[in-house]
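**Student:** 3D model of this:
(4 chains, ligands or ions: 6)
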Amino acid sequence: MKKLINKPEDVVAEELQGIAQAHPDLVRVSMDGPFYIVRADAPVQGKVGVISGGGSGHEPMHGGFVGVGMLDAACPGAVFTSPTPDQMLEATKAVNGGAGVLHIVKNYTGDVLNFEMAADLARAEGITVEAVVIDDDVAVKDSLYTAGRRGVGATVLAEKITGAAAEQRRPLAEVAEICRQVNANGRSMGMALTSCTVPHAGKPTFELGENEMEIGIGIHGEPGRTRMPLKTAAEITELLATPILDDLPFKSGDEVLAFVNGMGGTPLIELYVVYNELAKICKGRGIKIARNLIGPYITSLEMAGCSITLLKLNDEFTRLWDAPVKTAGLRWGL
Amino acid sequence: MKKLINKPEDVVAEELQGIAQAHPDLVRVSMDGPFYIVRADAPVQGKVGVISGGGSGHEPMHGGFVGVGMLDAACPGAVFTSPTPDQMLEATKAVNGGAGVLHIVKNYTGDVLNFEMAADLARAEGITVEAVVIDDDVAVKDSLYTAGRRGVGATVLAEKITGAAAEQRRPLAEVAEICRQVNANGRSMGMALTSCTVPHAGKPTFELGENEMEIGIGIHGEPGRTRMPLKTAAEITELLATPILDDLPFKSGDEVLAFVNGMGGTPLIELYVVYNELAKICKGRGIKIARNLIGPYITSLEMAGCSITLLKLNDEFTRLWDAPVKTAGLRWGL
Amino acid sequence: MTISRDAVVDWIKAFADVIAVNKDYLTELDAAIGDADHGANMHRGFQAVLTKLPTVADKDIGTLFKTVGMTLVSTVGGAAGPLYGTFFIQLGSATTGKLELTMADWQAALEAGVNGVVMRGKANPGDKTMVDALIPALGAFKAASASNAALPAALRDAAQAAEQGMLATTPWVARKGRASYLGERSAGHQDPGATSSHLLLKAAADTWADNSGNVG
Amino acid sequence: MTISRDAVVDWIKAFADVIAVNKDYLTELDAAIGDADHGANMHRGFQAVLTKLPTVADKDIGTLFKTVGMTLVSTVGGAAGPLYGTFFIQLGSATTGKLELTMADWQAALEAGVNGVVMRGKANPGDKTMVDALIPALGAFKAASASNAALPAALRDAAQAAEQGMLATTPWVARKGRASYLGERSAGHQDPGATSSHLLLKAAADTWADNSGNVG
Ligand SMILES: Nc1ncnc2c1ncn2[C@@H]1O[C@H](COP(=O)(O)OP(=O)(O)O)[C@@H](O)[C@H]1O
Ligand SMILES: Nc1ncnc2c1ncn2[C@@H]1O[C@H](COP(=O)(O)OP(=O)(O)O)[C@@H](O)[C@H]1O
Ligand SMILES: [Mg+2]
Ligand SMILES: [Mg+2]
Ligand SMILES: [Mg+2]
Ligand SMILES: [Mg+2]
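**Tutor:** Numbers count the residues shown, from 1 in each chain, chains lettered A, B, ... in the order given. Ligands and ions are numbered 1, 2, ... in the order given. Have a look, this model is predicted:
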């Protein structure tokens, strides 16, 4: 295992210390009790608090999205392990400015169960909490009888758009509904060229041959739906984009936000090659890419690979996307 | 070789097509003649044009730094190969708003020779050109009789600070002097956990054992000064920071900008662990980190590893660093 | 024959040891169809439990179980945290105030714990989860107790049923938890949570069935 | 004996072929002490030259060389682009208007080319660069010509001197170019640019020394 770390068990704490020292203008990091990262000026009175959380190893998500116009707090778990209810409870209390708190939860059993417990505890303390579960991964077959689809790339877009709505002092019900709508209109799929290594596991979660790739992976180093021989960027983009486009479905005339995400070990030059292919595919279907995001925003440690997310835009989404944001991981207008 | 590409020979052109489609609000990409990326509103009348260039594979540098408040144009060469004089000449003409053009050149024989030829050609066409050579890599022994030190991390800082000065409509001589001063006050050193693979070479430039690392690498997959057994993040940070701190030297009471750069394949979580160590070391020496930059900004394809750059700040540098910038790779205040 | 408060503590400690020994094994199982953290999660949780135990040494068994459950909830994370947390919290609710457990007490507690896991995780038998070890174990314990078996024998039956349930998960396609994302590719791998649940019940049998610790 | 315009074109084409065949070899040499692109750079440049040649087929040798040089400058990049570009531009300046080259013409041209490379790159002999193949080659050609050797023999001497020069670079520590960053670690590797320079002069000997192309 080759990583820039000290001891596997200290990675998350030391990362948080690094964040605390690097961005005191943006965030405070609470490390005495349960770990959480909170906006420097929290709680903002009269504003809905938007929080999220999940295992570590997906940086900049979620901690890098705490700041003005996006998240009010993030709860980092151990690497790839959902955080615990007490983290979420403390974060919820820390961001409660009297207008209620929204939990943005990625659809993993662990995240859902822990956030459910936290919401119960927060409500017991008199805080109004709503939760929206993000489940945008078309690689997973949707079904009432299973855990359902995973929450992946759309989470980043939901956090930005929902955070902007909260910043405008919209009420909790509206903020939650916007978040639900982003989820309803977003679809993603990912692939890996290499596995990643969980620090405390010490070896790659899966092994891939020199000419193999995994299609339909998640963001926790879990194997994908299928393993197949390596293909060109054009073919890979097609493999990811087609199920996404067909699922919603996205139709000719639609305006979309196209998000080409790096999994952590893939350089930007390759993501632009993929974006170029994606732009061709969208054009071929009469779909207009009105906004885009290209880079490593929801990662899987050092995994090489990418994911594509498409979000069908409407005027409100576009306005909220364009609204100012000032976080360590996403910043414009401020 | 596992990459999200089509054919090795098309990587740069397709990347540029991706950039052109992704960021038409920020840049135009010229691909009919010699390749270059230029600010969407170039030439800006009365403003010094600031251009840079170098081999591709270091993204977001330099193309991702073209926009308001940073570079006016960037010339991308083949992967790890300096661009040619005709690219630089065309870019120089495209950004010439009558106040002259500054070439920011990383100190590599290829970059220096090609930029020299381009400057001669531009002057022959009546354009005032100044060039500043960046050579901040303390891993290389400085000497009059060799090619000297490489230009690495300080290039990003020089482009931001110099670009801000140009944006304020300062004259060419002043803009060039600020750039020279940034170089004079910046020092860097890098290390690799893995090699990278140049697309047209098809295999890793060097091989590293599972428990080895290279210290003192550049940004072109060139081997470093020494190979040694893998160490902890604390030890590695010490190995990089000490020669940097001792070289200028940085002294107690100095304010610095600390830049922890990812080489392309290293995730953010590890960079924050390194930043945490760096903050301790600086504190121990009485040096105050007043600004920081953490992320993959000057990369070596998919290489895993990091580099550290320290820039001694003064009020002017800090003001220019804080000035608004709007590029695909670096953005704030706009 | 009853289970004393000290025996309960011994069980928790024994399981913490079992988890320490099987940490990498559980993580490997999780790497195949999950995210390679089940061993680390359980180990983190039970190490925290070990630190916590002395603070409730003089409390009743209900308090003891609840403390274990709350500690797991706040240290394990992932799916296992709330599920095992709920299991122990429910054991605690069913044993409030008690200083020793009869066979009937333990059956009621186990039933409450297993039901708690099912309610929280909504997994059905056959979904390839810890439930596939827990439900058969509960069934076997009830059957043994209905046929008037002694506590050691009933515990052994429960552990063996958990083992059978765990082994049965291997060919199945997962329908709950992270392994469900793999679809057909989840078949052919033993479920990590069912494995830790088996280890939990085996530890009970080993600890409580006799003093040599060789039963089970 | 003279070198005709067609023979000059044949040399350029022959070298383009040699580079195509040795592309990976040159890149491997560059991977060891540089950035793994010298083969690709030279190949890109000389493929561009091949496309350009027909447009100057009816021009004098000077124009031909200058066109080759300008094409290299605008397509090779890196250190090799300006250096080989300058080499050919200088060959061109020295042969302006000529339709064939005498032995003296070629000597003057080669001298101009080598001087151009030295002026541009400021490398000294022993710095472990292409100059370490070029300077000995020029010296050998001059010596042969001073002792009244025939053109084929002089070309062969030049190519052999380039080869010796190239081989000599192996133990040296680089002081110029990218390999210099390696310090002591650059020793033990043959310089890629000296290698391509040797191939260039060998191609001249092979092409011009006789029609069978077996000389050199
Ligand atoms: N809905 C559920 N009900 C019961 N058990 C579940 C459920 N989802 C997952 N599990 C169990 O949890 C185990 C995984 O635990 P762990 O790896 O610690 O959490 P995570 O899946 O969040 O990484 C699975 O092997 C399975 O036995
Ligand atoms: N200053 C110099 N003078 C002469 N030759 C040089 C100089 N610097 C480098 N070279 C030659 O250039 C070769 C490398 O060319 P190439 O790999 O194409 O360019 P780059 O080093 O920019 O990647 C070296 O092997 C060396 O022979
Ligand atoms: Mg997990
Ligand atoms: Mg090069
Ligand atoms: Mg797991
Ligand atoms: Mg090279």
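**Student:** And the longest helix along chain C, what's buried?
**Tutor:** Criterion DSSP state H: the longest helix present in chain C is helix C:5-33. Neighbour counts over helix C:5-33 (16 or more other C-beta atoms under 10 Å in any protein chain shown) mark C:5, C:7-16, C:18-19, C:22-33 as buried. (Each C-beta comes from the backbone N, C-alpha and C, glycine too.)
**Student:** hmm, that helix touching ligand 5?
**Tutor:** Yes - using C-beta under 5 Å from the ion, helix C:5-33 comes into contact with ligand 5 via C:Asp30.
**Student:** I'd like the next helix or strand past that helix.
**Tutor:** helix C:38-52 (DSSP states H and E).
**Student:** got the angle for that following helix vs helix C:5-33?
**Tutor:** With axes from the mean of the first three to the mean of the last three C-alpha atoms, to 10 degrees defining the directions, helix C:38-52 sits at 160 degrees from helix C:5-33.
**Student:** Looking at helix C:38-52 now, give me its mean pLDDT.
**Tutor:** Across helix C:38-52, pLDDT averages out at 97.
**Student:** That helix near ligand 1 at all?
**Tutor:** Yes - judged by C-beta under 6 Å from any ligand atom, helix C:38-52 comes into contact with ligand 1 through C:38, C:41.
**Student:** Any residue of that helix touching chain A?
**Tutor:** Yes - shown here: helix C:38-52 in contact with chain A (C-beta under 8 Å from any C-beta of the partner chain) through C:40-41, C:44.
**Student:** Can the helix or strand just after that helix be said to contact chain A?
**Tutor:** Using DSSP H and E, the helix or strand that follows helix C:38-52 towards the C-terminus is helix C:61-75. Yes - using C-beta under 8 Å from any C-beta, helix C:61-75 reaches chain A at C:73-75.
**Student:** Format the residues you listed as JSON lines; extra columns: pLDDT and distance to D:Gln164.
**Tutor:** Below are the residues of helix C:61-75 next to chain A laid out as JSON lines (pLDDT from 0 to 100; distance: C-beta to C-beta, whole Å):
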{"residue": "C:Val73", "pLDDT": "97", "distance to D:Gln164": "77"}
{"residue": "C:Ser74", "pLDDT": "95", "distance to D:Gln164": "75"}
{"residue": "C:Thr75", "pLDDT": "95", "distance to D:Gln164": "71"}
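**Student:** which one of those residues is nearest ligand 3?
**Tutor:** Nearest to ligand 3 among the residues of helix C:61-75 next to chain A: C:Thr75, at 13.7 Å, using C-beta to the ion.
**Student:** Could you find the closest non-adjacent residue to the closest one?
**Tutor:** Ranked by C-beta to C-beta, 6 or more residues apart in numbering or on different chains and with sequence neighbours excluded, the top spatial neighbour of C:Thr75 is C:Ala48, at 4.2 Å.
**Student:** what's the neighbour count on that neighbour?
**Tutor:** Each residue near C:Ala48 was counted by other C-beta atoms under 10 Å in any protein chain shown, and the total is 17.
**Student:** what residues are up against it?
**Tutor:** With contact set as C-beta atoms under 8 Å, 6 or more residues apart in numbering or on different chains, C:Ala48 has these partners: C:71-72, C:74-75.
**Student:** at 10 Å what do you get?
**Tutor:** Going by C-beta atoms under 10 Å, 6 or more residues apart in numbering or on different chains, C:Ala48 touches C:16, C:68, C:71-72, C:74-76.
**Student:** try A:Pro199
**Tutor:** A:1, A:3, A:5, A:7-12, A:56-57, A:78-80, A:301, B:269-270, C:40.
**Student:** C:Ala108 now?
**Tutor:** Shown in contact with C:Ala108 (C-beta under 10 Å, 6+ apart): C:91, C:94-95, C:101-102.
**Student:** now do C:Ala104
**Tutor:** Applying C-beta under 10 Å, 6+ apart, the residues near C:Ala104 are C:Ser145.
**Student:** Helix or strand: which one has it?
**Tutor:** Element membership for C:Ala104 (DSSP H and E) is helix C:103-121.
**Student:** ok and that helix relative to helix C:61-75, angle-wise?
**Tutor:** 20 degrees.
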